[in-house]
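Visitor: Build me a model:
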Amino acid sequence: MISKQIIPRFLIVLVIQITVLMGCRSAVSDQQAGRDQQEPQSAQTSSPDLNLSQDPTIKDRENMVLRQIEARGVKDTNVLAAMKSVPRHEFVPDRYLAQAYADHPIPIGYGQTISQPYIVALMTEALQLEEGDRVLEIGTGSGYQAAVLAELETRVFTIEIIPELAAEAEEKLKELGYSNIEVLNADGYFGWEEHAPFDAVIVTAAPDHLPLPLLQQMAEGGRLVIPIGPIGAVQTLWLFENLEGELVATNLGAVTFVPFTGEH
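Guide: Down below sits the predicted model:
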């Protein structure tokens, strides 16, 4: 059962730290959480210019969505369509191409991963995106999550702290024809104030507390999805909603992400 709390802004960091230590009831089944824990620790929109009728991975994407995502309860038809549309194999290192649509995260180098497809869909659905929303992503990685967000007719601002990954992702996204994504090589902890406020914020690495700059850059009615917890352990995936001056926190379940990097 998903649990919700209304948390005053000045108590948010303390409450999250206490909640993580005590543990919360998960909105994800034990089986799903177990799979998540397999994660290796190591504007104008434009969709990709792909001839889908000749793309041999279409069936792989359809099966991925049906068996890994819909079967676990993701219902947003726009999110499901985006997951079917984005060519995940384009964001996976060549040596892992055979696993591009498998039910687990995949290493992309530099100690980072491309998240499990189900987790990408779950986090995207939780953002409740609408056409034209401004979305901040922290942790570009391969660029796959940014591409999924862009498919939803949003304007995406994505930050990656590792220069090589930022450059590779930007090149790949441009190659695939995404014109509604901006990539920045920087420390995502501090957000991207120049383009704030954001209707939605998504964080794809786990800090041990909620970064306050991200909270401050949320628009009224905005949503933030982030895993929070200790390094090397299971974390909690949270949805925060900025509603009339109150921060409503929803526990979405247990996950395991690579740690948030940078000095804070």
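Visitor: Give me the phi and psi for Thr77.
Guide: Main-chain dihedrals, Thr77, degrees, to the nearest 10: phi -70, psi -30.
Visitor: ok, it to Glu70 distance?
Guide: 10 Å (Cβ to Cβ, to the nearest Å). C-betas here are computed from N, CA, C, even on glycine.
Visitor: Strands of the protein, start to end?
Guide: In the chain, the strands defined using DSSP state E lie at 3-7, 106-109, 112-114, 134-138, 155-160, 181-185, 198-203, 218-228, 235-243, 246-255.
Visitor: would you turn those into TSV with mean neighbour count?
Guide: Putting those into TSV (neighbours: other Cβ atoms under 10 Å) gives the following:
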stretch	mean neighbour count
strand 3-7	13
strand 106-109	19
strand 112-114	22
strand 134-138	24
strand 155-160	25
strand 181-185	20
strand 198-203	25
strand 218-228	21
strand 235-243	21
strand 246-255	20
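Visitor: With respect to Glu175, which of those strands lies nearest?
Guide: strand 181-185 (12.0 Å; Cβ to Cβ).
Visitor: in its sheet, what does the closest one sit against?
Guide: strand 155-160 (parallel) (DSSP bridges).
Visitor: Show the contacting residues for Leu239.
Guide: Going by Cβ atoms under 8 Å, 6 or more residues apart in numbering, Leu239 touches Ala126, Arg223, Leu224, Val225, Ala249, Thr250, Leu252.
Visitor: And Glu164, by the same measure?
Guide: So Glu164 contacts Gly109, Tyr110 (Cβ under 8 Å, 6+ apart).
Visitor: Just the pLDDT at it, thanks.
Guide: Listed pLDDT for Glu164 reads 98.
Visitor: re earlier: want to throw the strands of the chain into JSON lines with distance to Leu122?
Guide: What follows is the strands of the chain, written out as JSON lines (distance: least, Cβ to Cβ, whole Å):
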{"stretch": "strand 3-7", "distance to Leu122": "16"}
{"stretch": "strand 106-109", "distance to Leu122": "17"}
{"stretch": "strand 112-114", "distance to Leu122": "15"}
{"stretch": "strand 134-138", "distance to Leu122": "15"}
{"stretch": "strand 155-160", "distance to Leu122": "18"}
{"stretch": "strand 181-185", "distance to Leu122": "21"}
{"stretch": "strand 198-203", "distance to Leu122": "11"}
{"stretch": "strand 218-228", "distance to Leu122": "9"}
{"stretch": "strand 235-243", "distance to Leu122": "8"}
{"stretch": "strand 246-255", "distance to Leu122": "7"}
